[in-house]
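> the following comprises the amino acid sequence and a computationally predicted model.
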Amino acid sequence: MNRTWNVVRMQLVNKQTYIAVPVIVLAGAFVITLAIYGIIASAGVEGPMYGGGAQAPLWYFAVVGAQALTLTFPFSQAMSVTRRAFYLGTLLTAVMTAAILAVIFVLGGLLEQATGGWGMNGYFFYLPWIWEAGPAGGGLFFFTLALLFFVVGFWGATIFKRWGTAVLTTVILAIALVLVGVLWLIGRLEAWGEVGAWLMTSGAAGLSLWGLVLVAVLAGTSYLTLRRSTP
Amino acid sequence: MTSVIEVKSLTKRYRDTLAVDDISFSIEKDTIYGLLGRNGAGKTTVMSILTAQNFATRGEVRVFGEDPYENAHVLSRMCFVRESQKYPEDATPRHAFRIARLFFPNWDQDFAERLIAEFQLPLKKTIKKLSRGQLSAVGVIIGLAARAEITFFDEPYLGLDAVARQIFYDRLLEDYAEHPRTVILSSHLIDEVANLLERVIVIDHGRIVMDEDTEAVRDRAANIVGDTAAVEAFVAGREVIHRESLGRVSSVTVLGALSAADRAEIADAGLDVTPVSLQQLIVRSTQHSADAGLEEGALR
């Protein structure tokens, strides 16, 4: 356990990767979004205004997930860390940072509700659909999304590291094909109405739980791949 | 003597190349080994498998009597920073040392700082911007300051200038004297590290061609130098592995230790004996075995 915790500390030694850059990305997206809201509001538009800028740091999580593997894994091997300890410590780091990000989003959303969207009815953190199940539901949604991005990056990188670009590309294409097949099947069964209804009834919180299932699947398969990976 | 590493019939095959071909050897505790061989001979592969960074195709590896794979108890007593080591994105040497301190129980921070000063290593530059020599210095400092019970150095001198190389060799010997441990130093420049080594393992085309005490290797051959006719008379009937001559003077390398009678004969004939450098001897005996293999092949 001690060595697993040391992996967390290893991942966090360079504060830039997990702290400075996400904060800069988030703050930058926030400032730009508010500036645009300001322009729109000054033009006399009443709102409410919602934006997608808040997803910017989430994408960065995919990059961090990939780099955690391609660069930090070989170094962890030189530090005589077992693959298991590396894996657990790295995922623990991701869970912790995703949780911090979710807390920031929830606090930001609460602040936006309290100030009526920064006094101009413009929302960066708060999205009504995501907040349907309250702040906790919103927090769970962002936590899951951040973790999912990280795990997708990590999962892709483990496949790349073990089998190379050709296999990774093939796997991604195969998954895309399966998804297209599912879309076709839904259309063929004329089930889009039901799918839409299901999405509405599960809500953001329900989808988050499905997201966590996907996280578990990707994380689990990553471990199986990592167990036989070489630096 | 107790052995800390036991290797039996180790084979590693990459798709179409046989990197390591059925080798067996053991590594004794508190000894400095040279793992010598040409580029691509299989040195790094062997070290990677011993530290469970890579996987054997066949064969068995025991470190401190256990399988090192996913074995934190065993791994934490070893340190192997490879020659082409990757570091985390945007990491600086300072970050790398801070991390190494977390993982190596015997880490000596004062020693690390002294080495950093001696190698004049910039701590705040990112590692990907370091020169080849500075990159080697990062690996060397981690290897030395970690004081792991088994430490591997993978071509540690690459890019280091003469002063820095000497610092490495001096500090390694000093620290080894104070804190005995097992050191395995891989090198394709044999004379560069010859004076450090107590035992040499020479690997060629994935096979071990020599596994001996350095002293015994040195005694294995001698250069006989002097008047060509006298030299030829002395070496007649002996196994000659190399001949050089300039005018009437010849230098002939013969295999086999010289007896007292031999030495007397040499002195009487007015000949001289000069030691064969480890590098010469290994190069010649590996060439020798390669040539022998060739002839054998031609005969079939």
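Okay, I see it. Residues are numbered from 1 along each chain as shown, chains lettered A, B, ... in the order given.
> C-terminal to the element among helices and strands of chain A having the smallest mean pLDDT, what's the next element?
Across the helices and strands of chain A, mean pLDDT, DSSP states H and E gives its lowest value to helix A:15, namely a mean of 81. Note on helix A:15: by DSSP states H and E, the next helix or strand toward the C-terminus is helix A:21-42.
> send the alpha carbons of that next one over as PDB?
Extracted as PDB, the C-alpha positions of helix A:21-42 are listed here (Å, rounded to 0.1, in the frame of the first residue of the first chain):
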ATOM      1  CA  VAL A  21      -2.300  23.000 -16.600                       C
ATOM      2  CA  PRO A  22      -5.900  21.900 -15.800                       C
ATOM      3  CA  VAL A  23      -6.300  25.100 -13.700                       C
ATOM      4  CA  ILE A  24      -5.000  27.200 -16.600                       C
ATOM      5  CA  VAL A  25      -7.200  25.400 -19.100                       C
ATOM      6  CA  LEU A  26     -10.300  25.700 -16.800                       C
ATOM      7  CA  ALA A  27      -9.600  29.400 -15.900                       C
ATOM      8  CA  GLY A  28      -8.900  30.300 -19.500                       C
ATOM      9  CA  ALA A  29     -12.100  28.700 -20.800                       C
ATOM     10  CA  PHE A  30     -14.000  30.300 -17.900                       C
ATOM     11  CA  VAL A  31     -12.700  33.800 -18.700                       C
ATOM     12  CA  ILE A  32     -13.300  33.500 -22.400                       C
ATOM     13  CA  THR A  33     -16.800  32.200 -21.900                       C
ATOM     14  CA  LEU A  34     -17.700  35.000 -19.500                       C
ATOM     15  CA  ALA A  35     -16.300  37.600 -21.900                       C
ATOM     16  CA  ILE A  36     -18.500  36.300 -24.600                       C
ATOM     17  CA  TYR A  37     -21.500  36.300 -22.300                       C
ATOM     18  CA  GLY A  38     -20.600  39.900 -21.400                       C
ATOM     19  CA  ILE A  39     -20.700  40.900 -25.100                       C
ATOM     20  CA  ILE A  40     -24.000  39.100 -25.700                       C
ATOM     21  CA  ALA A  41     -25.500  40.500 -22.500                       C
ATOM     22  CA  SER A  42     -24.400  44.000 -23.400                       C
END
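> mean confidence for that helix?
Averaged across helix A:21-42, pLDDT comes to 90.
> and the residue nearest to A:Phe61 when sequence neighbours are not counted, what does it touch?
Ranked by C-beta to C-beta, 6 or more residues apart in numbering or on different chains and with sequence neighbours excluded, the top spatial neighbour of A:Phe61 is A:Phe149, at 3.9 Å. C-betas here are computed from N, CA, C, even on glycine. By C-beta atoms under 8 Å, 6 or more residues apart in numbering or on different chains, A:Phe149 lies in contact with A:58-59, A:61-62, A:65.
> pLDDT weak spots in chain B?
B:1, B:285, B:287-300 (pLDDT under 70).
> isn't there a helix covering B:Tyr176?
Yes: under DSSP: H, G, I helix; E, B strand; the rest coil, B:Tyr176 sits within a helix.
> contact residues of chain A facing chain B?
Contacts of chain A with chain B, taken as C-beta under 8 Å from any C-beta of the partner chain, map to A:3, A:6, A:9-11, A:13-14, A:16-17, A:67, A:70-72, A:74-75, A:77-85, A:227-228, A:230-231.
> just the buried residues of these.
Buried by 16 or more other C-beta atoms under 10 Å in any protein chain shown: A:3, A:6, A:10-11, A:13-14, A:17, A:67, A:70-72, A:74-75, A:77-85, A:231, out of these.
> mind checking which of those land in helices?
A:3, A:6, A:10-11, A:13, A:67, A:74-75, A:77-78, A:83-85 (DSSP state H).
> and B:Leu102, how many neighbours?
18 (other C-beta atoms under 10 Å in any protein chain shown).
> which non-adjacent residue is nearest it?
Going by C-beta to C-beta, 6+ apart, B:Leu102 has A:Asn6 as its nearest residue, at 4.4 Å.
> how close does that neighbour sit to B:Ala222?
53 Å (C-beta to C-beta, to the nearest Å).
> longest helix in chain A, please.
Per DSSP H, chain A has its longest helix at helix A:192-226.
> which residues touch residue 98?
Just going to use chain A. A:Ala98 touches A:61, A:142-144, A:146-147, A:150, counting by C-beta under 8 Å, 6+ apart.
> wrong one, chain B
A:Val13.
> pretty sure it sits in a strand.
No: in this structure, B:Arg98 is helix, not part of a strand, as judged by three-state DSSP.
> give me the element the residue nearest to the spatial centre of chain B is part of.
A centroid search over chain B (C-alpha atoms, centre = their mean) returns B:Gly34, at 2.5 Å, as the residue closest to the centre. Here B:Gly34, judged by DSSP H and E, is contained in strand B:32-36.
> tell me what that strand is packed against?
Judged by 3 or more C-beta pairs under 8 Å, 6 or more residues apart in numbering or on different chains; DSSP states H and E, strand B:32-36 is in contact with helix B:43-50, strand B:182-187, helix B:190-194, strand B:199-204.
> what score does A:Ile175 have for pLDDT?
94.
> do A:Val45 as well
80.
> ok, it - how many residues close by?
14.
> how close does it get to B:Cys79?
63 Å.
> got the contact list for residue 222?
By default, I'm working from chain A. So A:Ser222 contacts A:87, A:151, A:154-155, A:158 (C-beta under 8 Å, 6+ apart).
> not what I meant, chain B
Counted by C-beta under 8 Å, 6+ apart, B:Ala222 has contacts B:253-254, B:258, B:273-276.
> name the nearest of those residues relative to chain A.
Chain A lies nearest to B:Val276 out of the contacts of B:Ala222, by C-beta to the nearest C-beta, at 36.4 Å.
> fine by me, we can end here.
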